[in-house]
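[1] would you be able to build a 3D model of this:
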Amino acid sequence: MSLAHTPPADRTRRQPFLAADVGGTHVRLGRVCASGDPAQPITVLDYRTYVCTDYDGLEPVIADFLGTGGEAAVSGGVIASAGYQLEDGRLISANLPWPVQLAQLRAMPGLGDLRLVNDFEAVAHAAPYFDTSEVLHLAGPAHAVSGPVLVLGPGTGFGSALWIPSAAGPTVLATEAGQAALAVGTDLEIALLQELLRTRSHLPVEHLLSGPGLLNLYVALCALHGEAPVCTTPREVSDAGITGREARAVESLSVFCGLLGSTAGDLALTYGAQGGVYLAGGILPGIREFLVRSRFVERFLDKGLMREALERIPVKLVEHGRLGVLGAASWYLGQSGPS
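    The predicted structure follows:
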């Protein structure tokens, strides 16, 4: 769901502004301005990545960045984050380590005109940069026909948004696909679903398809096999799975990739994403070789009569990195009206 906002003032000017991609693990900050190039409309003047747990709130992160990033002051800005904005400016999010309050941030120098946008809506606005950020081509033709572009991926949560081209300019539809019910397709996944539904009535996609979800998946598999978990963090699960040193971690990554492929295929059909599917989740580049060897593509295509349609859709892994910042900045420049 798109975060509510009041459109800022015209952004055609070249004044620097702040663009932030705020996740549950990292905050990526850029001091940016309009480039004047419609193909790639953003110039990044300064860029830094911060670890959330090193700070007790977003304000000190921004203060550090603006105090060290360069000479140019900022005039306004935008924050891309998962969550829902209340009328009083507070942001509700299950994945951030500390509360975000717009009123406090707007009191900081240069940020009186600070806006919020959904994180994957922002990534979708970075569509002009996708091909330059490509890490891996997973399936389909090298180039797609014109049509809606789906961007999705697992990070601290599971995000998804749709970029829809039109003669009047693109429209981006933010979604809450991570909160939709997870669909399973193998005997093992059915057993996992039954195990997990013992303690809850709803199993959302991001409960398994996210960084924390990978650990949830691992713990549930250990329970199914009557084993005590060895790994205690998502990083430990992914590292042990990639190296093959722990059998249950390998199984967890395998199930994770299969579920991701199936979910991506479902969403591609749901939204008619003929323009391509781009995986931008923060944890995927670290498991890309495992992803290639997994059943991801097989499960993506395994949609009965719709297999032929899915075979025509390019599926690519892109480096999330600066895409959140670039997309948030592109969204901000596209707004108009009184602040």
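[2] secondary structure element holding the closest residue to Glu251 other than its chain neighbours?
    In space, and not counting its chain neighbours, Glu251 is closest to Leu221: 5.8 Å by CB to CB, 6 or more residues apart in numbering. (C-beta placed from N, C-alpha, C; glycine too.) Using DSSP states H and E, the element containing Leu221 is helix 211-224.
[3] re the thing from before, ok, the residue nearest to Glu251 to Gly178 distance?
    21 Å (CB to CB, to the nearest Å).
[4] and if you look at Gly57?
    On the measure of CB to CB, Gly57 and Gly178 end up 24 Å apart.
[5] could you say what helices and strands the helix holding Leu221 packs with?
    Applying 3 or more CB pairs under 8 Å, 6 or more residues apart in numbering; DSSP states H and E, one finds that helix 211-224 contacts strand 149-154, helix 187-196, helix 234-243, helix 247-271.
[6] what comes up buried for the third one?
    Of the residues in helix 234-243, those with enough neighbours to count as buried (16 or more other CB atoms under 10 Å) are 234, 236-242.
[7] and it, how far out from the chain's middle?
    Centre-to-centre, helix 234-243 and its host chain are 21 Å apart (CA atoms, centre = their mean, to the nearest Å).
[8] and the nearest residue to Ala144 once chain neighbours are set aside, what are its phi and psi?
    Spatial nearest neighbour of Ala144, chain neighbours left out: Gly276 (4.4 Å); criterion: CB to CB, 6+ apart. The phi and psi values for Gly276, taken as degrees, to the nearest 10, are phi 130, psi 160.
[9] which strand residues bridge Gly276?
    Note on Gly276: beta-bridge partners by DSSP bridges are Val149.
[10] below-threshold pLDDT in the stretch 1-150 of the chain: ranges please.
    Along the stretch 1-150 of the chain, segments meeting pLDDT under 70 span 1-13, 68-72, 83-95.
[11] next one: the stretch 201-339 of the chain
    Using pLDDT under 70, the stretch 201-339 of the chain drops low at 336-339.
[12] now with 80, please.
    Under the criterion pLDDT under 80, the flagged ranges of the stretch 201-339 of the chain are 281-282, 320-321, 335-339.
[13] my read: the residue nearest to Ala144 touches Leu310, true?
    No - applying CB atoms under 8 Å as the test, Gly276 and Leu310 come out as separate, 11.6 Å apart.
[14] shared neighbours, these two?
    Gly140 (CB atoms under 8 Å, 6 or more residues apart in numbering).
[15] number of nearby residues for Gly159?
    A count of neighbours around Gly159, defined by other CB atoms under 10 Å, yields 32.
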